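In: Structure of the sequence below:
(chains A and B)
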Amino acid sequence: MSLQPEEIKSEMEKALEVLSEQSGIELTGKIRPILYANLDRGRVQTFVEDDVAHVNEYVWRVVEKYLRLNALLHRLQIEKVNNDWELVLKQMEKWAYRFLLKKGYQEVVDTWENARECASEAASKLLGAYFPYDTEFEPWAHVIVQNVCLKYIRTTSKDVSVVEESYDDLVGTLKSINNPGLFAVDNQNELHGELMDAIEQLTPLRRDVIDMKYFKGLSPAEIAKKLTKSVRAVHSLQFHAIHDLRKILTKNRDKLND
Amino acid sequence: MTERNQKSHSVKKSDAIKQLAGDLANLDSDIKALSESKGDEEMLSLIVEEANKGIDISRRYPTFYKKLLNYPDLMQAFIDVLESFDDEDENLPIPWNMEASTKLDFLSDGIPKPVIEMFGNNWKINWQRTINQLQTILSPSEFAYRLDYTISEDPWFVLLRDEVEIDGSLYAIALECAFSGEDKEAFTPFLDIAVTVGGTARRSRFPIQSSLQWGTYKETIQIQAEGRAKFPNISLATMFDKEYENVNAELSLIIEPVL
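Out: Purely as a prediction, here's the structure:
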């Protein structure tokens, strides 16, 4: 049964009581609205994953990040300090440029100018956006930049195909599936042989990731070390591998049914 | 027999198969239920940070992981952010970057400061937002097509955020709204208040009351202590035209101590 917001609130208040004893009511007064706003947004629920023990961890995570990042956020969003904004905006321009290149845009001055426009729009959003203090500044700002770039790509008809191509495999996989019970865990005995065959059909790198994650029980960090890849690349490989497996299994079963 | 079948695994094979089959099954389960869930843009930043730290998100965040598996857009966004951090380690020459000066025009947003009225020991703060300012925040043309929103879109709108010093105390105020859970044609506004009491200040003045007026909507709530308070829902028809394309009413927020 999933944790109810009231249970989470009760645990949050217990942690806030400890915070109040340790650091005073003023800090507690600043943390409380952040926690409740994050609860309304579903962030607390995402973090705690129905484990009430994680609520306390979440509260202290927010406290630590608030103490470390609030000054920066204040300078950016309330004081609007030019020097800080210049640094942040320059970084956002680079993020936007890299993102557009990745989505098939060419390394030309026009792309750079478009990236700057996107970064500027993202900066404007960031200025008024809510910072939840349960994440670092960089990934938060990065997601904002990325979303603005995606919107830009989608509204420029020429490049719609670029994005659609990149999603094609995944969307195609999902759309091709019309039997939700096909891979149900209940069928695991039958699935065993098919899965092993399908794994063999993966590309070597994706096969290695599946092998290490599921059969050797390694963490993403351990897999990354073994493959001399970044943890981020391991997550990416893992997702692609699962979708490939799904596709292979669906194809094989379709063949059998024919 | 392949090497994979022969080797002695640290995870029992049946468990590995079960977990993998479970992830495969998750690809299409609960899609309908999950499609109701919007606003994962913000979650992405949290999950990306965790993934960067090497945390196995499939185990630590299974619910979100299931969403990633089910939503190509969300998954692609997740992978893009992760990979972009990797890209940063590579040196990408941007020849035009050297001559470009940053444009900080957006900092002069023209948003008016609140009006503070003092009378005796009492005070009243009044914020105004014009139709144009609200239009920019809400991008209402997207409302008409909001069913086409990608899952990573943020459904929360920060209408106002400010800090005001009165009687030596600093009041940090934020007014934000989101689509109401119960009524898709309505917003729920939330007001956050945090107070820093300065050295020379008298105590902060709770209870306070706050009045929100937006078109024909006018509600007043009492707030007993700093924290987060909710206004009654506000119908979209109150502040938008019939097509939900244009904001047609200004907003006013007043905060004052309860006398």
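
In: C-alpha only now, for contacts and for neighbours.
Out: OK.

In: remind me which residues of the stretch 151-259 of chain B are low pLDDT?
Out: Filtered on pLDDT under 70, the stretch 151-259 of chain B yields the residue ranges B:151-154, B:199-204.

In: hey, where'd the helices end up in the stretch 1-150 of chain B?
Out: Along the stretch 1-150 of chain B, counting by DSSP state H, counting those that start in this stretch, helices occupy B:3-6, B:13-26, B:31-35, B:41-52, B:57-60, B:62-70, B:72-89, B:131-138.

In: nope, the stretch 51-200 of chain A is what I was after
Out: With DSSP H, counting those that start in this stretch as the criterion, the stretch 51-200 of chain A has helices spanning A:53-73, A:82-102, A:109-128, A:137-155, A:157-176, A:188-200.

In: nearest to chain B, of these?
Out: Closest approach to chain B among those (Cα to the nearest Cα): helix A:137-155, 4.9 Å.

In: Helix A:109-128 and the closest one, what's the angle between them?
Out: For helix A:137-155 against helix A:109-128, the angle by axes from the mean of the first three to the mean of the last three Cα atoms, to 10 degrees is 130 degrees.

In: can you give me the offset of helix A:137-155 from its chain's centre?
Out: 12 Å (Cα atoms, centre = their mean, to the nearest Å).

In: circling back to that earlier point, Serialize the helices of the stretch 51-200 of chain A to JSON lines and add fields for distance to residue B:85 and mean neighbour count.
Out: JSON lines is the format used below for the helices of the stretch 51-200 of chain A (distance: least, Cα to Cα, whole Å; neighbours: other Cα atoms under 10 Å in any protein chain shown):
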{"stretch": "helix A:53-73", "distance to residue B:85": "20", "mean neighbour count": "17"}
{"stretch": "helix A:82-102", "distance to residue B:85": "9", "mean neighbour count": "19"}
{"stretch": "helix A:109-128", "distance to residue B:85": "17", "mean neighbour count": "20"}
{"stretch": "helix A:137-155", "distance to residue B:85": "9", "mean neighbour count": "20"}
{"stretch": "helix A:157-176", "distance to residue B:85": "19", "mean neighbour count": "14"}
{"stretch": "helix A:188-200", "distance to residue B:85": "29", "mean neighbour count": "16"}
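
In: Least reliable of these by average pLDDT, please.
Out: Set side by side, the helices of the stretch 51-200 of chain A differ in mean pLDDT, and helix A:157-176 is lowest with a mean of 40.

In: What are the buried residues along stretch A:8-16?
Out: For stretch A:8-16, a neighbour-count test (16 or more other Cα atoms under 10 Å in any protein chain shown) marks A:8, A:9, A:11, A:12, A:13, A:15, A:16 as buried.

In: anything in the helix or strand where the first one lies near chain B?
Out: Same thing as residue A:8. According to DSSP states H and E, residue A:8 maps onto helix A:5-23. No - between helix A:5-23 and chain B, judged by Cα under 8 Å from any Cα of the partner chain, nothing touches; the nearest distance is 12.0 Å.

In: Need the residues that contact that helix.
Out: A:26, A:27, A:28, A:32, A:35, A:36, A:39, A:52, A:55, A:56, A:59 (Cα atoms under 8 Å, 6 or more residues apart in numbering or on different chains).

In: thought residue A:246 was touching residue B:24?
Out: Yes - between residue A:246 and residue B:24 there is a contact under Cα atoms under 8 Å: 6.4 Å.

In: From chain A, how far off is residue B:222?
Out: Distance from residue B:222 to chain A, counting by Cα to the nearest Cα, to the nearest Å: 16 Å.

In: What is the burial count for that residue?
Out: 17 (other Cα atoms under 10 Å in any protein chain shown).

In: Give the bridge partners for it, please.
Out: Residue B:222 has these beta-bridge partners by DSSP bridges: residue B:209.

In: and it, what does it touch?
Out: B:207, B:208, B:209, B:210, B:258.

In: Quick check on those: which are buried?
Out: B:208, B:209, B:210.

In: just curious, which of those is nearest to residue B:126?
Out: residue B:210 (9.8 Å; Cα to Cα).

In: tally of neighbours for residue 254?
Out: The chain I'm using is chain A. Per other Cα under 10 Å, the neighbour tally for residue A:254 reads 10.

In: sorry, should have said chain B
Out: Neighbours of residue B:254 (other Cα under 10 Å): 18.

In: Tell me which other helices or strands the helix or strand hosting residue A:238 touches.
Out: According to DSSP H and E, residue A:238 maps onto helix A:231-257. On a contact count with 3 or more Cα pairs under 8 Å, 6 or more residues apart in numbering or on different chains; DSSP states H and E, helix A:231-257 meets helix A:157-176, helix A:188-200, helix A:204-210, helix A:220-227, helix B:13-26, helix B:41-52, helix B:72-89.

In: At the contact with chain A, which residues of the stretch 101-250 of chain B appear?
Out: So the stretch 101-250 of chain B meets chain A at B:102-104, B:106-107, B:152-153, B:157-158, B:160-163, B:192-197, B:226-228 (Cα under 8 Å from any Cα).

In: What subset of these is buried?
Out: B:102, B:107, B:152-153, B:157-158, B:160-161, B:163, B:192-197, B:226-228.

In: Where strands are concerned, which of those residues count?
Out: The strands, defined by DSSP state E, take in B:157-158, B:160-161, B:163, B:192-197, B:227-228 from those.

In: In the stretch 101-250 of chain B, what residue lies closest to chain A?
Out: residue B:227 (4.5 Å).

In: ok, residue B:253 touching residue B:217?
Out: No - judged on Cα under 8 Å, residue B:253 makes no contact with residue B:217 at a distance of 11.7 Å.

In: okay, these two: which has more neighbours?
Out: residue B:253 (21 against 15).

In: mind listing what that one touches?
Out: Contacts of residue B:253 by Cα under 8 Å, 6+ apart are B:126, B:127, B:128, B:210, B:211, B:212, B:213.

In: Can you give me the neighbour number for residue 51?
Out: Just so you know, I chose chain A. If we define neighbours as other Cα under 10 Å, then residue A:51 has 12 of them.

In: ah, no, chain B please
Out: Neighbour number of residue B:51 under other Cα under 10 Å is 21.

In: Excluding chain neighbours, give the residue nearest to it in space.
Out: residue B:57 (6.4 Å; Cα to Cα, 6 or more residues apart in numbering or on different chains).

In: Spit out the contact partners of the one you found.
Out: B:47, B:50, B:51, B:65.

In: one step back: now the buried ones among the contacts of residue B:222 in JSON lines, please, with extra columns for distance to residue A:140.
Out: Listed next are those as JSON lines, based on distance: Cα to Cα, whole Å:
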{"residue": "B:208", "distance to residue A:140": "33"}
{"residue": "B:209", "distance to residue A:140": "33"}
{"residue": "B:210", "distance to residue A:140": "31"}
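
In: Tell me the one of those residues nearest residue A:213?
Out: residue B:210 (53.4 Å).

In: Those residues of the stretch 1-150 of chain A touching chain B, which are they?
Out: The interface of the stretch 1-150 of chain A toward chain B, taken as Cα under 8 Å from any Cα, is made up of A:26, A:29-30, A:32-33, A:36-37, A:43, A:46-47, A:49, A:78, A:80, A:82, A:85-86, A:89-90, A:95, A:98-99, A:109, A:112, A:120, A:123-124, A:127-130, A:134-136, A:139-140, A:142-143, A:146-147.

In: Find the residue closest to the residue nearest to the spatial centre of chain B in space, skipping its chain neighbours.
Out: Centroid check for chain B by Cα atoms, centre = their mean gives residue B:156 as the closest residue, at 4.3 Å. Leaving aside its chain neighbours, residue B:156 sits nearest to residue B:178 (4.7 Å; criterion: Cα to Cα, 6+ apart).

In: Please report the distance of residue B:63 from chain A.
Out: 7 Å.

In: is it true that that residue touches residue A:48?
Out: No - with contact defined as Cα under 8 Å, residue B:63 and residue A:48 do not form a contacting pair (10.5 Å).

In: okay, residue B:5: pLDDT?
Out: Confidence score, pLDDT, at residue B:5: 45.

In: what residues go with each domain of chain A?
Out: A:5-77, A:82-155, A:167-257 (automatic domain parsing).
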